[in-house]
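Visitor: Test case, fold it:
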Amino acid sequence: MTGPHAFPLEPTPIHVSDEVLDDLSALLASTRPPLDEGNEDWSYGVPDSYLRELVAYWRDGYDWRAAEAAINAYEHYQVSVAGVPVHFLRKPGRGPRPIPLILTHGWPWTFWHWSKVIDPLADPAAFGADPADAFDVIVPSLPGFGFPGPLTGFPDVNFWKVSDLWHTLMTETLGYEKYAAGGCDIGGIVSSQLGHKYADELYGIHIGSGLPLDFFNGPRAWDFARNRPLTHATIYWVNNSIATSMRYYANANRYPWVPAHDRTPVVRAPVGLTLVTYENPPGIHTADERVRAFTTGPQARWFHHVNVNAHDHGGHFIPWENPEAWVSDLRRTFHGRRP
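Guide: Numbers count the residues shown, from 1 in each chain. You can find the predicted model right below:
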């Protein structure tokens, strides 16, 4: 819907029981560290010394209840979509004509990957931007990636099947006639599939990396504050869902993507992209070169691209590492595309 939209569901805050948290603490206390000789310089991966300190902090210092309270500052919902349990966060837009925007995370992240961009996208005026750029922000958990728990009854889950779930969620469950989508990593190709199969019902999409939809067909090809990765790790652990999250990669090969139509470009919805020089291909050194390489290269032919940007700061999970750039680029993608 393009006008005022009465939300059809009642929110339910997330809550992890004390019993589950106590079990986690006991398991962390009994963790046996590996032998990790000669790895002080991280040449073989994360050193034992770092892991020992991190596990000790997770057990004795990390406060899940504080993280849970921050997460519950937003509305949370759990619904069944085509028989699949789905959790999502919502932040209503504040502006003259907010449009719905569904944001999809990647692996091994969770819905909380988007926590730095939710407020600026929903309430731009509070961040010194134009309230006309407001979105009703919908942030689901990929099924099997945390809440509401491990995925059962959907063993062949993959990115293009999730895009069908998201379209059903947005148009049937939530009743939006038209919406926008954004994503990175797996969420980027989920969003691209939406722009491919459901282009007429989307205002557009905004993605990172710009992977082609057949990327998985055929043979396969930083520094944190401690609380951040532990929040994602705890979400997976308390829901016992890391194993089901991994299936997305196997199933992307096992059930290859098949086009929904033969029109070009493949992703017909308007597409904005945020790229970063950290992921530059060989021979590309600057942000301007990255944009030119994309727009003149074979990947561009997959997309009806209307807004291509590159930034020197940030890595694969751009909305977490460079949220200001992501928000600015996404707003630009949808300028002039609202009702």
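Visitor: Following the chain onward from the one helix or strand Leu194 maps to, which element is next?
Guide: If you go by DSSP states H and E, Leu194 is part of helix 186-197. Next helix or strand after helix 186-197 toward the C-terminus (DSSP H and E): strand 202-208.
Visitor: partners of that next one in the sheet?
Guide: Applying DSSP bridges, strand 202-208 is found paired with strand 179-183 (parallel), strand 267-276 (parallel).
Visitor: most neighbours per residue, which of those?
Guide: Most buried of the strands paired with strand 202-208 by mean neighbour count (mean count of other C-beta atoms under 10 Å) is strand 179-183; its value is a mean of 29. Heads up, the C-betas are built off the backbone N, CA and C, glycines and all.
Visitor: Provide a list of residues in contact with the residue nearest to the spatial centre of the chain.
Guide: Centrality entry for the chain: nearest residue to the mean C-alpha point is His105, 1.2 Å, by C-alpha atoms, centre = their mean. Each residue near His105 by C-beta atoms under 8 Å, 6 or more residues apart in numbering is listed here: Phe111, His113, Trp114, Val139, Ser141, Leu142, Phe145, Gly183, Cys184, Asp185, Ile186, Gly187.
Visitor: Narrow those residues to just the buried residues.
Guide: Listed as buried from the contacts of His105 are Phe111, His113, Trp114, Val139, Ser141, Leu142, Phe145, Gly183, Cys184, Asp185, Ile186, Gly187; burial here means 16 or more other C-beta atoms under 10 Å.
Visitor: now those in TSV, with pLDDT and distance to Tyr176?
Guide: Formatted as TSV, these follow (pLDDT from 0 to 100; distance: C-beta to C-beta, whole Å):
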residue	pLDDT	distance to Tyr176
Phe111	96	19
His113	91	22
Trp114	96	18
Val139	98	15
Ser141	97	19
Leu142	95	20
Phe145	88	23
Gly183	95	17
Cys184	91	22
Asp185	89	24
Ile186	90	22
Gly187	93	19
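Visitor: Kindly indicate which of those residues lies nearest Pro98.
Guide: Pro98 lies nearest to Val139 out of those, by C-beta to C-beta, at 14.8 Å.
Visitor: now the closest one, which residues is it bridged with?
Guide: Under the criterion used (DSSP bridges), Val139 bridges to Leu89.
Visitor: I figured it was touching Phe88, is that so?
Guide: Yes: look at Val139 against Phe88 with C-beta atoms under 8 Å: they come within range, at 6.0 Å.
Visitor: which residues do those two both contact?
Guide: With C-beta under 8 Å, 6+ apart, Val139 and Phe88 have common neighbours Phe111.
Visitor: Contacts only, for the closest residue to Ile102 other than its chain neighbours.
Guide: Excluding its sequence neighbours, the residue lying closest to Ile102 (C-beta to C-beta, 6 or more residues apart in numbering) is Ile138, at 4.6 Å. Listed by C-beta under 8 Å, 6+ apart, the contact set of Ile138 reads Phe88, Leu89, Arg90, Pro100, Leu101, Ile102, Leu103, Leu169, Met170, Leu174.
Visitor: same deal with Phe127?
Guide: Going by C-beta under 8 Å, 6+ apart, Phe127 touches Asp119, Pro120.
Visitor: And it, how close does it get to Thr274?
Guide: Relative to Thr274, Phe127 is positioned 18 Å away (C-beta to C-beta, to the nearest Å).
Visitor: Same check on Leu103?
Guide: 13 Å.
Visitor: next one: Ala122
Guide: Per C-beta to C-beta, Ala122 is found 19 Å from Thr274.
Visitor: thinking again about what came up before, I'd like to know which of the buried ones among the contacts of His105 is nearest to Thr295.
Guide: Closest to Thr295, out of all of these and judged by C-beta to C-beta, is Cys184, at 19.7 Å.
Visitor: distance of the closest one from Arg59?
Guide: From Cys184 to Arg59 the distance is 31 Å (C-beta to C-beta).
Visitor: Same question for Arg94.
Guide: In terms of C-beta to C-beta, Arg94 sits 40 Å off from Arg59.
Visitor: try Asp130
Guide: Note on Asp130: its distance to Arg59, by C-beta to C-beta, is 46 Å.
Visitor: Between these two, tell me which one has more neighbours.
Guide: Neighbours per residue (other C-beta atoms under 10 Å) separate Asp130 from Arg59, with Arg59 holding more: 15 against 12.
Visitor: element containing the more buried one?
Guide: Using DSSP H and E, Arg59 maps to helix 48-60.
Visitor: For that helix, buried residues please.
Guide: Within helix 48-60, the residues that qualify as buried are Asp48, Leu54, Val55, Trp58, counting by 16+ other C-beta under 10 Å.
Visitor: Could you give the average pLDDT over the next helix-or-strand element following it?
Guide: Next along the chain after helix 48-60, taking DSSP H and E as the criterion, comes helix 64-71. For helix 64-71, mean pLDDT rounds to 97.
Visitor: quick one: helix 64-71 to chain centroid distance?
Guide: Relative to its parent chain, helix 64-71 has a centroid offset of 19 Å by C-alpha atoms, centre = their mean, to the nearest Å.
Visitor: Alright, calling it a day.
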